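In: Make a model of this:
(4 chains)
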There are 2 protein chains.
Amino acid sequence: MTVRAGTGHVGTGVQAAAAGTTVAGNPQSSKSQLAYDAVKAKISDGSYGAGFRLVLGRIAKELDVSVVPVREAIRRLEAEGLITFERNIGATVAGIDPTEYLHTMQTLSIIEGAATALSAPLITDVEITKARRINEQMRECLSHFDPVRFTSLNLEFHAVLFTHCPNPHILDLVHRGWNRLNAIRASTFNYVPGRAQESVAEHEELLQLIETGADVDSIERAARNHRAATLIAYLKHAESTAEGE
Amino acid sequence: MTVRAGTGHVGTGVQAAAAGTTVAGNPQSSKSQLAYDAVKAKISDGSYGAGFRLVLGRIAKELDVSVVPVREAIRRLEAEGLITFERNIGATVAGIDPTEYLHTMQTLSIIEGAATALSAPLITDVEITKARRINEQMRECLSHFDPVRFTSLNLEFHAVLFTHCPNPHILDLVHRGWNRLNAIRASTFNYVPGRAQESVAEHEELLQLIETGADVDSIERAARNHRAATLIAYLKHAESTAEGE
DNA sequence: GTTAACTGGATCGTATACGATTTCGTACCT
DNA sequence: AGGTACGAAATCGTATACGATCCAGTTAAC
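Out: Numbers count the residues shown, from 1 in each chain, chains lettered A, B, ... in the order given. The predicted structure is shown next:
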């Protein structure tokens, strides 16, 4: 053992170097933030999928930080519902079972519907055309089967619709919902083939409703049903494939 | 490598004593949880109201723990939106300005409406009578002016209606909404006198809708409007008193 | 007299240290 | 052979240490 009784610190200088340089490109640099972003990204892109065991020490070593900032990141993710955490046990990536998917979709249908309705009066022609162009690209995706791109465009499309939502809370909830959904999708990629076409058509309907200045109630209902329809399609599909397997 | 800086520790034994005893009554004991509960409670009951500066070290000393668990608690509260946090600056209790109140109420109207509608089919006669009894007590509160009790009963009433919501996410969001609202209310106690009577009447209407098995849409609308009406009453009231001052 | 640089204190951020708890494998007892 | 008890490894929980950063008040320079 031997080594150092005086300062008790060894790598402390590193901390200064790393934090001090503010690596130019990380606007909000902070190990805690780094850990948060890193773990969240890994969950979203599927590297850490479904029930994955998140060992604090391992993550810390991977990111070359100490456990303290990692713990903070984990706490934040816990509060956001992306992971579950048990005292003296550890953290695991949440959102495994199908009912989770169901609940998340249902919640999102409500929140997103509201967000879209609230945004609607503030949406200009510019955004409408932009959304329409995205939807056009989605239609193209249908021919040369490309579900990944389709899903990504789908987010873009809806993002255009709800980003003008004047209520930041609701907007925040929408984002969280999408995050959860991403995490779930990454692990068990579910994509219902037939649904995509209806989806594109419903997008166009939704755009027309907004364009013609329909009352917020109809818009909310349309947006909500749009997502609910996807959920129902998924359930049916899951049922049938379960039999097939 | 093994570093070992002599002892470098003094009060470490205390940790064992405190954590080890598991003070019998704290089922989920953990300093982090303790800090979370404590701070949240202080925010809810108004001790730490509106923009209050949360100094980590001070809180840690108050609770007789180190800063680490406090930081974790703060992170959780941050993710829940109860406080805001800036790097190298610190944390402050969130939710000061009136637009915050507005947004929170709007969000809650949507979420709570949905939660109530989803619960409705699962509500039995037992709960209906229970809710009706609570509403009766609220009516009594009207005569001997008691806004605090009224508010508390109001939560109880709605809790009966939405606790059966089968979607845990939505239920969680409802609870968070109430928490935020509590925090705001504690700082700037706002209670619109005239509104209370309508509120009690609307509660009864809502009960009848549920009782007669009205379609979920009407129930959702009723629940949503009930809260929205409170918001509108508040806005009018705030406007008029602002003039009066 | 006004502004800029300095300085000290408060507070934040994170690394390290080490006790506590859980987990799992193995040896021992029945 | 099967189950239990002991022990070691892994991991969590939190205290402490100390650099970095921010802030306010003070002094120096113009």
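In: CA atoms for contacts and neighbours, from now on please.
Out: Will do.
In: I'd like the average pLDDT over the longest helix seen in chain A.
Out: Under DSSP state H, the helix in chain A containing the largest number of residues is helix A:216-244. Taken as a whole, helix A:216-244 has an average pLDDT of 88.
In: Show me which residues of it are buried.
Out: Along helix A:216-244, the positions that meet the burial threshold by neighbour count (16 or more other C-alpha atoms under 10 Å in any protein chain shown) are A:216, A:219-231, A:233-234, A:237-238.
In: By mean pLDDT, point me to the weakest helix or strand of chain A.
Out: Here the helix or strand of chain A ranked lowest by mean pLDDT, DSSP states H and E is helix A:12-21, holding a mean of 36.
In: Might one say that A:Phe162 is in contact with A:Ser119?
Out: Yes: with contact defined as C-alpha atoms under 8 Å, A:Phe162 counts as touching A:Ser119 (5.6 Å).
In: Can you pick out the residue with more neighbours from the two?
Out: When A:Phe162 is set against A:Ser119 and neighbours are counted by other C-alpha atoms under 10 Å in any protein chain shown, the residue ahead is A:Phe162, at 23 against 20.
In: Domain-wise, how is chain A divided?
Out: A:12-93, A:98-244 (automatic domain parsing).
In: Just send those domains back as CSV, with distance to DNA strand C too.
Out: Rendered in CSV, the data for those read as follows (distance: least, C-alpha to the nearest atom of the strand, whole Å):
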stretch, distance to DNA strand C
domain A:12-93, 3
domain A:98-244, 22
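In: Please name whichever of those is nearest to DNA strand D.
Out: Using C-alpha to the nearest atom of the strand as the measure, domain A:12-93 is the one of these that comes nearest DNA strand D, at 3.4 Å.
In: Work out the gap between that closest one and the centre of the chain.
Out: Centroid displacement of domain A:12-93 relative to its chain, using C-alpha atoms, centre = their mean, to the nearest Å, is 17 Å.
In: now swap in stretch A:101-117 and tell me
Out: Using C-alpha atoms, centre = their mean, the distance from the centre of stretch A:101-117 to the centre of the chain it belongs to is 13 Å.
In: Kindly report the same for stretch A:223-234.
Out: Here the centre of mass of C-alpha atoms in stretch A:223-234, compared against the chain's by C-alpha atoms, centre = their mean, lies 18 Å away.
In: do it and chain B meet?
Out: No: judged by C-alpha under 8 Å from any C-alpha of the partner chain, stretch A:223-234 stays clear of chain B, getting no closer than 11.8 Å.
In: List the contacts of the residue nearest the centre of chain A.
Out: A centroid search over chain A (C-alpha atoms, centre = their mean) returns A:Asn179, at 1.6 Å, as the residue closest to the centre. Each residue near A:Asn179 by C-alpha atoms under 8 Å, 6 or more residues apart in numbering or on different chains is listed here: A:Ser44.
In: what do you get for the one 3 residues further on?
Out: The contact partners of A:Asn182, taken as C-alpha under 8 Å, 6+ apart, are A:44-45.
In: repeat for A:Ile219
Out: Remark: with contacts taken as C-alpha under 8 Å, 6+ apart, A:Ile219 is in contact with A:113, A:116-117, A:120, A:206, A:209-210.
In: mind running it again at 10 Å?
Out: A:Ile219 is in contact with A:113-114, A:116-118, A:120, A:205-210, A:213, A:225, counting by C-alpha atoms under 10 Å, 6 or more residues apart in numbering or on different chains.
In: in which helix or strand would I find the residue nearest to the centre of chain A?
Out: Secondary structure assigned from DSSP states H and E places A:Asn179 in helix A:168-187.
In: how about whatever helix or strand comes next after that helix as PDB, C-alpha atoms only?
Out: As assigned by DSSP H and E, the chain's next helix or strand after helix A:168-187 is helix A:195-211. Written as PDB, here are the backbone C-alpha positions of helix A:195-211 (Å, rounded to 0.1, in the frame of the first residue of the first chain):
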ATOM      1  CA  ARG A 195     -50.100   0.900 -40.800                       C
ATOM      2  CA  ALA A 196     -47.600   3.200 -42.600                       C
ATOM      3  CA  GLN A 197     -49.900   4.000 -45.500                       C
ATOM      4  CA  GLU A 198     -52.800   5.000 -43.300                       C
ATOM      5  CA  SER A 199     -50.500   7.000 -41.200                       C
ATOM      6  CA  VAL A 200     -49.400   9.100 -44.200                       C
ATOM      7  CA  ALA A 201     -53.000   9.600 -45.200                       C
ATOM      8  CA  GLU A 202     -53.900  10.700 -41.700                       C
ATOM      9  CA  HIS A 203     -51.100  13.100 -41.700                       C
ATOM     10  CA  GLU A 204     -52.500  14.800 -44.700                       C
ATOM     11  CA  GLU A 205     -55.900  15.000 -43.100                       C
ATOM     12  CA  LEU A 206     -54.400  16.500 -40.100                       C
ATOM     13  CA  LEU A 207     -52.700  19.100 -42.100                       C
ATOM     14  CA  GLN A 208     -55.900  20.000 -43.900                       C
ATOM     15  CA  LEU A 209     -57.700  20.400 -40.600                       C
ATOM     16  CA  ILE A 210     -55.100  22.800 -39.400                       C
ATOM     17  CA  GLU A 211     -54.900  24.600 -42.700                       C
END
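In: This completes my enquiry, with thanks.
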